[in-house]
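[1] Need the 3D shape of this:
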Amino acid sequence: MRLKHEAGRKRSLHKAWVGVLFVLPAVLYFLFVYTYPFLETIKLSFFKTRNGVETFAGIKNYVKVFSDPLFWKSAQQTLKMTIIAAPITVVLAILVALLMDKLPNRRLRNLLQISSLLPMTVSLIAASLIFSWIFDPSYGIANRVLQSLGIAKQGFLTSKTQVIPTLSIITIWIRVGFGATILLAGLQSIPSSYYEAARIDGASPVKMFFKITLPLLNSQIILVTITEIIFSAKTFEQVYVTTSGGPVNSSRTLLIHLYETAFKYNKYEEASVIAVCCPAGDQRGAVDRHAQKSGLLRGSRNDYNKEK
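    Got it, this is the predicted structure:
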């Protein structure tokens, strides 16, 4: 009996170690790729480096960043883009998922699903270049269509008021397919008996949608919403390729501000503060530390204030 107990214990320990070995690569990856750079970023945000000498600065870097109007303007533009892109993406994803779920032809449904996911296979830079051509104020196809309808040319990417909605279109186009796929999986898991019982009770399609479909899709909708908020807050490539934050900083997002603060003006300590405050930029610590050690922090720091 004792021997059986010992053998069972050894088997349990063996399974436990096998499980640890399977999980270990992911844990190490997370520690070295995410946790370590983030901790380095936090550390660097509290220091100043002059002529290769690192000194503790306390919260001076934070005070400097938070007193910069351009930081708050960048945060405002990021929030504005998120408020526009995320809700519209979720609503369109629900509509596309419902359409795919109701299609009787399986091949047509699969074709629509693949088509909706195709934008995700396109590089963000390539997609941004395509849309910059579509919305070009001089020869873009969007303005040609508007003119054919008797509507005057629009600025799109060159207009202060239109640039954020225009950039949001790129994000929406790329992300709708992902959300629709997640929601379609949720729709297909809802038992058909619920709808049959509702039809017998005389419920309309609209009532079934709000009383059955939406409540049972709650978890998937929350997941898609959180994912789209994060993606919208991380907007960088679309802005950098199409407008570089213009016109007159009207599309300058937090990541654009972070990038230019670090790599254009060599203000790595202040960039670290932005990275700590911006969840989308929390992996810049390794770059900051590399720049600090390689002496890049000795670059000119006057251009930034002059441009502002």
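[2] what comes up buried for stretch 218-237?
    Residues 220-221, 224-225, 227-229, 231-237 are the ones in stretch 218-237 that count as buried (16 or more other CB atoms under 10 Å). Heads up, the C-betas are built off the backbone N, CA and C, glycines and all.
[3] ok, now stretch 129-146?
    F131, S132, I134, F135, G140, A142, N143.
[4] Kindly report the same for stretch 68-85.
    Of the residues in stretch 68-85, those scored as buried under the neighbour-count criterion (16+ other CB under 10 Å) are D68, L70, F71, S74, A75, Q77, T78, K80, M81, T82, I84, A85.
[5] With pLDDT as extra columns, can I get the buried residues of stretch 218-237 in JSON lines?
    Output for the buried residues of stretch 218-237, formatted as JSON lines (pLDDT from 0 to 100):
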{"residue": "Q220", "pLDDT": "93"}
{"residue": "I221", "pLDDT": "94"}
{"residue": "V224", "pLDDT": "94"}
{"residue": "T225", "pLDDT": "95"}
{"residue": "T227", "pLDDT": "93"}
{"residue": "E228", "pLDDT": "93"}
{"residue": "I229", "pLDDT": "93"}
{"residue": "F231", "pLDDT": "90"}
{"residue": "S232", "pLDDT": "90"}
{"residue": "A233", "pLDDT": "88"}
{"residue": "K234", "pLDDT": "86"}
{"residue": "T235", "pLDDT": "88"}
{"residue": "F236", "pLDDT": "90"}
{"residue": "E237", "pLDDT": "89"}
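[6] Is it possible to get TSV of those that adds secondary structure?
    Compiled in TSV, these are given as follows (DSSP: H, G, I helix; E, B strand; the rest coil):
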residue	secondary structure
Q220	helix
I221	helix
V224	helix
T225	helix
T227	helix
E228	helix
I229	helix
F231	helix
S232	helix
A233	helix
K234	coil
T235	coil
F236	coil
E237	helix
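[7] Closest one of these to A26?
    Each of the buried residues of stretch 218-237 was scored against A26 by CB to CB, and T227 proved nearest at 19.9 Å.
[8] Out of the buried residues of stretch 218-237, which comes closest to I125?
    Distance to I125, by CB to CB, is smallest for E237 among the buried residues of stretch 218-237, at 5.4 Å.
[9] how near is the closest residue to that closest one other than its chain neighbours to T225?
    Counting by CB to CB, 6 or more residues apart in numbering, L124 is the residue found nearest to E237 once chain neighbours are left out, at 3.9 Å. In this structure, L124 lies at 21 Å from T225, with CB to CB, to the nearest Å as the measure.
[10] Check which helices and strands the top helix by length along the chain is in contact with.
    Within the chain, and with DSSP state H defining each element, the longest helix by residue count is helix 69-102. Secondary structure elements in contact with helix 69-102, counted by 3 or more CB pairs under 8 Å, 6 or more residues apart in numbering; DSSP states H and E, are helix 106-121, helix 163-188, helix 218-233, helix 254-259.
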